[in-house]
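> Generate coordinates for the sequence data below:
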Amino acid sequence: MATYKKRGYKAKEVNIDSTDEVEFNEQDSTTAEVFSTLDEGANKTEEWVSKNQNYILGVIGAIAVGVLGYLAYDQFVKKPQEADAGNEMYYAMQYFNEALQNPVAQDSLYNLALKGGNGKYGLIDVIDNYGGTESANLASYAAGMSYLNTQKYQEAIDYLNDYTAHDAITDAIAKGGIGDAFMQLNQPEDALGYYEKALSANTNEYSTPMFLQKAGIVALELNKNDAALKYFERIKVEFAKSPEASLVDAYIAMAKNK
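Residues are numbered from 1 along each chain as shown. Next up, the predicted model:
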């Protein structure tokens, strides 16, 4: 008796008579070929793994080290760094907030916010020493607004452009601030573009009518009267109770008759 046997499969016995011819049907032949191909493929895979096991283990090890490294960085570097940045920024933000509420001493307070005082970090120090932290990101916003209010317009543009907003309100104000800086630099086309970005960032009762009015005035200056009219009419229709609405009829007449 002859036995046809492949690994992992039940042996199939075929009785062979010395005087008879053994005939395998087509299905038996095809099955044998498939088994043979699978075995050859498995053997080649085993050979490749055997030859390259050090490389494979190295890749797995590198992935593991990378994951552990990220977790360690997050736990032992990033979080403490965020905490340190927040602590260092505390006094600078106090000066910034005081400047917003004290028009008389604004310039000196904004400068203290930017450069620090009494041995404490200013906003620029936080940005330079804690780049990549959320505190440094917020410091970019405060620094940009501080420079805008102390008539240093290019610096205002640079720092406000570095700010990545995580809320729609500050996003709108930052973009509008860049528009204000460009207007002061006599670049109305750029200013209008940023006022439009500010309007797209968020709609609210405070900043939206303000930037609609600014966008309309700049559009008038650029002889874009139809665009100006649309901005002013939005104030009249959507923000009738805003301070900007008190002058909107005059602006609408100007846009229609210019």
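
> what about the strands in this structure?
Assigned by DSSP state E, the chain shows strands spanning 2-4, 12-14.

> Met89 and Ala172: what is the separation?
Distance, Met89 to Ala172, using Cβ to Cβ, to the nearest Å: 23 Å. C-beta: built from backbone N, CA, C; applies to glycine.

> picking up where we left off before, which of the strands of the chain has the lowest mean pLDDT?
Sorting the strands of the chain by mean pLDDT places strand 2-4 lowest, at a mean of 41.

> Wait, Asn111 touches Thr150, no?
Yes - judged on Cβ atoms under 8 Å, Asn111 makes contact with Thr150 at a distance of 6.8 Å.

> and those two? which has more neighbours close in?
Thr150 (19 against 16; other Cβ atoms under 10 Å).

> The more buried one - nearest residue in space that isn't next to it in sequence?
Tyr110 (5.1 Å; Cβ to Cβ, 6 or more residues apart in numbering).

> quick one: contacts for that neighbour?
Tyr95, Phe96, Ala99, Ser146, Asn149, Thr150 (Cβ atoms under 8 Å, 6 or more residues apart in numbering).

> got a winner among the residues you listed for most neighbours?
Neighbour-wise, the contacts of Tyr110 (other Cβ under 10 Å) top out at Ser146, 31 neighbours.

> how close does the closest residue in space to that one that isn't next to it in sequence sit to Gly216?
Distances taken as Cβ to Cβ, 6+ apart put Tyr110 closest to Ser146, at 4.2 Å, once the chain neighbours are dropped. Distance from Tyr110 to Gly216, counting by Cβ to Cβ: 29 Å.

> likewise Lys224?
As for Lys224, its distance to Gly216 is 9 Å (criterion: Cβ to Cβ).

> Settle it for me: which of the two has more neighbours?
Using other Cβ under 10 Å, the more surrounded residue of Lys224 and Gly216 is Gly216, with 29 against 18.

> Buried residues in stretch 172-189, which are they?
For stretch 172-189, burial by neighbour count (16 or more other Cβ atoms under 10 Å) applies to 172-184, 187-188.

> actually stretch 228-240, sorry about that
Ala228, Leu229, Tyr231, Phe232, Glu233, Arg234, Ile235, Lys236, Phe239.
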